[in-house]
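Undergrad: Pasting the sequence and the predicted coordinates here, then a few questions.
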Amino acid sequence: MKLNIAVLPGDGIGPEIVQQSVKVLTAVADRFDHDFYFEEAVVGAAAIDLLGNPLPDATLELCKNSDAVLFGAIGDPKYDNDPSAKVRPEQGLLKLRKELGLFANIRPVKAYDALIDRSPLKAENIKGADMVIFRELTGGIYFGEKSTSKDGQTASDLCTYSVTEIERIARLAFEAAKTRGKKVTLVDKANVLETSRLWRKTVTTLAEKEFPEIDLDFLFVDNAAMQMILNPKQFDVILTENMFGDIISDEASVIGGSIGLLESASVGAEVALFEPIHGSYPQAAGKGIANPVASILSAAMLLENFGLNAEALSIRKAVEMSIALNVCTPDINKDNHYSTSKVGDFLESVISDTENHMINNENLNFGQMTII
Ligand SMILES: NC(=O)C1=CN([C@@H]2O[C@H](COP(=O)(O)OP(=O)(O)OC[C@H]3O[C@@H](n4cnc5c(N)ncnc54)[C@H](O)[C@@H]3O)[C@@H](O)[C@H]2O)C=CC1
Ligand SMILES: CC(C)CC(=O)C(=O)O
Ligand SMILES: [Mg+2]
């Protein structure tokens with residue numbers, strides 16, 4: 001298969017993690033005889049520095065004309081620490097999501113057996129946890145009208161949702177539940193927010209009409225935040241609005257062992273975008289300590305999006321192997337950790353190892369690896 005992939009590394013650790021994903025995708029293309037073409041463009045703070053715009057027209061055009069987008073991360077402390085900056089890196093990502101019509105962000109969360117004992121959460125509570133969060137991505141408070149009063153004493157962000165916006169992502173969540181545990185939990189704040197009451201009404205009606213076989217339940221977001229830690233195994237598919245999904249998915253990453261493992265796919269119209277759930281982790285930029293796996297697994301989701309399931313599985317198996325063998329960055333492997341690029345090299349060699357020498361060799365030899 002021929003795929004044109006737009007690569008938007010962004011800021012902070014974005015370039016170094018995305019570089020590993022390109023490495024891994026190239027290994028997949030070689031092994032399975034595909035043609036993947038990568039073209040890079042600037043976004044975020046890097047694009048503001050260069051062109052004064054966090055989403056330059058050329059970047060948007062490239063994305064629209066590509067088959068898929070591989071996105072790193074955006075954000076820089078110089079903007080985080082300057083609340084009065086009018087042009088901000090995050091605007092680039094939000095505009096890209098809107099322009100590409102990416103209304104659903106799909107964030108799978110699972111506990112890797114090999115990492116269970118390293119989680120700060122109790123092993124018996126997280127073993128077997130396996131959920132997917134469907135986060136609405138182009139509506140709600142992140143996109144509502146913003147204003148600050150002339151005297152600077154009051155500010156507001158409007159939260160708006162329409163039935164159409166709710167239904168289209170709810171359908172995707174219910175469809176996913178059909179193939180999984182047949183349960184959808186709608187996370188909202190319907191005891192307080194009018195928008196949440198519209199979500200409940202709309203989702204309930206849709207479930208009764210189109211998905212009677214799916215169990216639908218409801219949780220207020222404050223309780224959901226607690227349940228995520230106390231009993232994450234109760235969740236199968238979580239459906240929620242933009243901001244709640246942003247927050248509870250970072251929380252859910254603790255179950256997986258590190259936010260550096262959590263992949264995502266943003267879908268909607270034609271061109272889908274694949275990105276880790278984490279941000280630009282600026283403290284780690286250039287140090288070789290960022291975990292590239294979230295980006296690499298997002299690349300696996302990219303392949304699944306085109307039905308390249310065996311190819312995606314080769315990535316997932318390689319990642320499982322790296323975790324089992326502790327070929328991991330310091331967020332997971334505190335003692336003898338591997339650098340960002342060494343983890344990428346390892347995954348590349350496992351994928352390229354068509355004879356499965358590495359997998360079958362009991363005395364696994366990582367001669368080509370150096371522990372930093
Ligand atoms: N999609 C995006 O591009 C996002 C961008 N941001 C931006 O990123 C910047 C930093 O935001 P933070 O709140 O610090 O969130 P962050 O996700 O960048 O980092 C939070 C913490 O998570 C851990 N972490 C994140 N990525 C990791 C990785 N690959 N490997 C190992 N550990 C990792 C680190 O302990 C880090 O201190 C801000 O400018 C923010 O606006 C934040 C979230 C998403
Ligand atoms: C710019 C932010 C909305 C990014 C973020 O935190 C996310 O998408 O998870
Ligand atoms: Mg976030």
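TA: Now that the structure is in, tell me what you want to look at. Ligands and ions are numbered 1, 2, ... in the order given.
Undergrad: which bits of the stretch 251-372 of the chain sit near ligand 1?
TA: 258-260, 275, 278-282, 290-291, 294, 331 (CB under 6 Å from any ligand atom). In short, each C-beta sits where N, CA and C put it, glycine included.
Undergrad: Tally up the residues packed near the residue of the chain found nearest ligand 2, please.
TA: Distances between the chain and ligand 2 by CB to the nearest ligand atom are smallest at Glu90, namely 3.8 Å. For Glu90, the tally of surrounding residues (other CB atoms under 10 Å) stands at 17.
Undergrad: And Asp151, by the same measure?
TA: 6.
Undergrad: if we can go back for a sec, can you classify the residue of the chain closest to ligand 2 by secondary structure?
TA: At Glu90 the chain is in helix, as set by DSSP: H, G, I helix; E, B strand; the rest coil.
Undergrad: Check whether Asn305 really touches Ser266, as I assumed.
TA: No: look at Asn305 against Ser266 with CB atoms under 8 Å: they stay out of range, at 10.6 Å.
Undergrad: picking that back up, is the residue of the chain closest to ligand 2 in contact with Gly75, as I believe?
TA: Yes: the pair Glu90 / Gly75 is scored as a contact, 6.4 Å apart, by CB under 8 Å.
Undergrad: if we can go back for a sec, could you check how far the residue of the chain closest to ligand 2 is from Ile166?
TA: 24 Å (CB to CB, to the nearest Å).
Undergrad: Ser196 now?
TA: 10 Å.
Undergrad: what does Leu262 give?
TA: Leu262 is 24 Å from Ile166, by CB to CB.
Undergrad: repeat for Ile126
TA: 30 Å.
Undergrad: Equivalent analysis for Gly307, please.
TA: With CB to CB as the criterion, Gly307 and Ile166 are 28 Å apart.
Undergrad: So the two - more neighbours on which side?
TA: Ile166 (23 against 10).
Undergrad: contacting residues around that one?
TA: Listed by CB atoms under 8 Å, 6 or more residues apart in numbering, the contact set of Ile166 reads 136, 198-199, 202-203.
Undergrad: Quick one, which of these are buried?
TA: Among these, those that count as buried by neighbour count (16 or more other CB atoms under 10 Å) are 136, 198-199, 202-203.
Undergrad: Show me the beta-bridge partners of the closest residue to Leu102 other than its chain neighbours.
TA: Nearest non-adjacent residue to Leu102, counting by CB to CB, 6 or more residues apart in numbering: Ser266, 3.9 Å away. Taking DSSP bridges, one obtains Asn105, Leu273 as the residues bridged to Ser266.
Undergrad: ok, Ser266 touching Ala272?
TA: Yes: counting by CB under 8 Å, Ser266 touches Ala272, with 6.4 Å between them.
Undergrad: neighbour-wise, which of these two wins?
TA: Using other CB under 10 Å, the more surrounded residue of Ser266 and Ala272 is Ser266, with 27 against 21.
Undergrad: any idea of the pLDDT on that one?
TA: The model reports Ser266 with a pLDDT of 98.
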